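Student: Structural data only, the sequence is not supplied:
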């Protein structure tokens, strides 16, 4: 009996940008008695149904975007006699849906690191519960990923997580509900050890796949002091101190390593933190800009962001500290006007962003936006092929609307068309080449250009367009681009890179500060 771990996807590109970390975490959480799990990432290649045999165990991780495909895989696996278990953000929010539509034997809500082995054992006994509560485990229970199971020559970037949870409560995001608002931060020792394993395998580009790499702001610290909440202040200062300790260790790794992460705009007000990121070879980060006007920011509960020229200066601060930023913008907010699209494109160009994404406002489950929209829809619920619009992820992609929340000034078609225009403008070859001056060599400038075109193909070409022919063309183009783009990110393995030896002592909860990182040049 084999254990399958499946990342479902409607699009397979042959090569992927970032490793889906959860697959390899659950592989590590699988008891040795079950053997090495079979990992299937459908963003690379589709699952071969005949590979699943009666009595096998199939774990499927779903988010809202791939839930429909995930349910299709689950039904097929159960028909072939396998035990079917679902997990992931969407299954956490809708466990009953996974049981009904995905034909699950069991559904895991929350973190799977600890509970996964118990679910497998229950399946062996033939008596699994329908729903398991994985909860929000403490950071010392996080499992290191089984990177030895990675397929060769398929991914450009590896991924390591340092913290789960985000203290913010943005209206369009569900992370603060599913992962919690209390940052659960791994020890820097555990993180660095995992990175060493990946660098030995040849990965020098690594995404620090955190919900928020800047979990404690200067404002958080100031408020705790003003409120004389000294226990909270101590907790926040420890989280911040641990982050600086991690970055100090990253700085000791081979200098040609490149890290990328995700932070909030408030980090621009923290020069010490940005300087530590630069020294740690964190060369870039995704930052949620969302809107360029005060009205837009207010509508998504992000009033802590700046707007207008203040926003431009704030984004340029990142560039001044050596960080190349991927700015994320949302279109379709109630405050948007036809001229908002041009204003956003102009600002993205002037702000010195290396990359940008322009997404349509979508009410994702678990968010404040979704709850408000679902409540509004109760007045006159719409259906598509018998499926309520409030369950849009169950509507086949070819029939699924791209906009769900009516806009006071523009039609969904107009918003989609204008959004596509901003993508086209920002990712025109002339614009890409101009932005590539952030790269130090000609080869790295070419890598920047290839990656920019690939990013546009994957996220704009296959996502915004509702025309199936265009989607197929974009998918084919992305497959070709991804294969050639990866060549720029191939690195020579470093099997000689030594694992650090952490000394013990009273300095830091059982791990003292260590000397120079022990490695072979």
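Tutor: Ah, there it is. Note that the coordinates shown come from a computational prediction; the quantities given were computed from them, not determined experimentally.
Student: in the chain, which helix has the most residues?
Tutor: helix 230-250 (DSSP state H).
Student: Contact partners for residue 111?
Tutor: Counting by Cβ atoms under 8 Å, 6 or more residues apart in numbering, residue 111 touches 134, 135, 136, 137, 164. Just so you know, the C-beta spots here come from the backbone N, C-alpha and C atoms, and that holds for glycine as well.
Student: Can you say which of those residues are buried?
Tutor: Buried subset of these (neighbour count, 16 or more other Cβ atoms under 10 Å): 134, 137, 164.
Student: what residue ranges in the stretch 151-300 of the chain score low on pLDDT?
Tutor: Under the criterion pLDDT under 70, the flagged ranges of the stretch 151-300 of the chain are 296-297, 299-300.
Student: which stretches of it form helices?
Tutor: Taking DSSP state H, counting those that start in this stretch to define them, one finds helices in the stretch 151-300 of the chain at 175-178, 188-200, 218-226, 230-250, 271-279, 294-299.
Student: Serialize the ones you listed to JSON lines and add fields for mean neighbour count and distance to residue 6.
Tutor: As requested, these are exported to JSON lines (neighbours: other Cβ atoms under 10 Å; distance: least, Cβ to Cβ, whole Å):
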{"stretch": "helix 175-178", "mean neighbour count": "19", "distance to residue 6": "20"}
{"stretch": "helix 188-200", "mean neighbour count": "20", "distance to residue 6": "22"}
{"stretch": "helix 218-226", "mean neighbour count": "14", "distance to residue 6": "39"}
{"stretch": "helix 230-250", "mean neighbour count": "17", "distance to residue 6": "32"}
{"stretch": "helix 271-279", "mean neighbour count": "17", "distance to residue 6": "35"}
{"stretch": "helix 294-299", "mean neighbour count": "18", "distance to residue 6": "37"}
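Student: Save those helices as a markdown table, and put in distance to residue 148 too.
Tutor: Listed next are these as a markdown table, based on distance: least, Cβ to Cβ, whole Å:
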| stretch | distance to residue 148 |
| --- | --- |
| helix 175-178 | 29 |
| helix 188-200 | 8 |
| helix 218-226 | 39 |
| helix 230-250 | 22 |
| helix 271-279 | 29 |
| helix 294-299 | 45 |
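Student: between these, which gets nearest to residue 371?
Tutor: Closest to residue 371 of the helices of the stretch 151-300 of the chain, according to Cβ to Cβ: helix 175-178, at 10.2 Å.
Student: Give me the helices and strands touching that closest one, please.
Tutor: Here helix 175-178 touches helix 89-93, going by 3 or more Cβ pairs under 8 Å, 6 or more residues apart in numbering; DSSP states H and E.
Student: Next SSE downstream of the helix it packs on?
Tutor: Proceeding C-terminally, helix 89-93 gives way to helix 95-101 as the next helix or strand, assigned by DSSP states H and E.
Student: Give me the helices and strands touching that next one, please.
Tutor: Counting contacts by 3+ Cβ pairs under 8 Å, 6+ apart, helix 95-101 packs against helix 67-79, strand 106-110.
Student: Please name whichever of those is nearest to residue 156.
Tutor: Ranking the helices and strands packed on helix 95-101 by proximity to residue 156 (Cβ to Cβ) places helix 67-79 first, at 22.9 Å.
Student: That closest one: what's the following helix or strand?
Tutor: Downstream of helix 67-79, the first helix or strand assigned by DSSP H and E is strand 83-87.
Student: still on that earlier bit, most tightly packed of the helices and strands packed on helix 95-101?
Tutor: Highest mean neighbour count among the helices and strands packed on helix 95-101 (mean count of other Cβ atoms under 10 Å): strand 106-110, with a mean of 23.
Student: And the helix or strand that comes right after that one, what's buried?
Tutor: Using DSSP H and E, the helix or strand that follows strand 106-110 towards the C-terminus is helix 115-124. If you call a residue buried by 16+ other Cβ under 10 Å, then helix 115-124 has these buried ones: 115, 116, 117, 119, 120, 122, 123, 124.
Student: now do stretch 139-158
Tutor: Buried residues in stretch 139-158 (16+ other Cβ under 10 Å): 139, 142-147, 150, 154-158.
Student: Which pLDDT value goes with residue 456?
Tutor: Per-residue confidence for residue 456 comes out at a pLDDT of 88.
Student: host element of it?
Tutor: Using DSSP H and E, residue 456 sits within helix 442-456.
Student: Which elements pack onto that helix?
Tutor: If you count contacts as 3+ Cβ pairs under 8 Å, 6+ apart, helix 442-456 packs onto strand 355-360, helix 429-435, helix 468-485.
Student: Would you mark the buried spots in that helix?
Tutor: For helix 442-456, by 16+ other Cβ under 10 Å, it's 445, 446, 447, 448, 449, 450, 451, 452, 453, 454, 455, 456.
Student: Same check on stretch 202-221?
Tutor: With burial defined by 16+ other Cβ under 10 Å, the residues of stretch 202-221 counted as buried are 202-217, 220.
Student: Which ones among the residues you listed lie within strands?
Tutor: 205, 206, 207, 208 (DSSP state E).
Student: Verify the contact between the last one and residue 263 for me.
Tutor: No - at 9.8 Å, residue 208 and residue 263 do not qualify as touching, with contact defined as Cβ atoms under 8 Å.
Student: quick one: the residue lying closest to residue 14 once chain neighbours are set aside and residue 205, what's the gap?
Tutor: Spatial nearest neighbour of residue 14, excluding adjacent residues (Cβ to Cβ, 6 or more residues apart in numbering): residue 479 at 5.2 Å. Remark: distance between residue 479 and residue 205 (Cβ to Cβ, to the nearest Å) = 20 Å.
Student: before we move on, what about residue 313?
Tutor: For residue 313, the distance to residue 205 - Cβ to Cβ - is 29 Å.
Student: Residue 431 contacts residue 349, correct?
Tutor: Yes - counting by Cβ under 8 Å, residue 431 does reach residue 349; the two are 7.1 Å apart.
Student: Identify the nearest residue to the residue sitting nearest the centre point of the chain in space, disregarding sequence-adjacent positions?
Tutor: The residue lying closest to the centre of the chain (Cα atoms, centre = their mean) is residue 209, at 6.1 Å. In space, and not counting its chain neighbours, residue 209 is closest to residue 159: 4.3 Å by Cβ to Cβ, 6+ apart.
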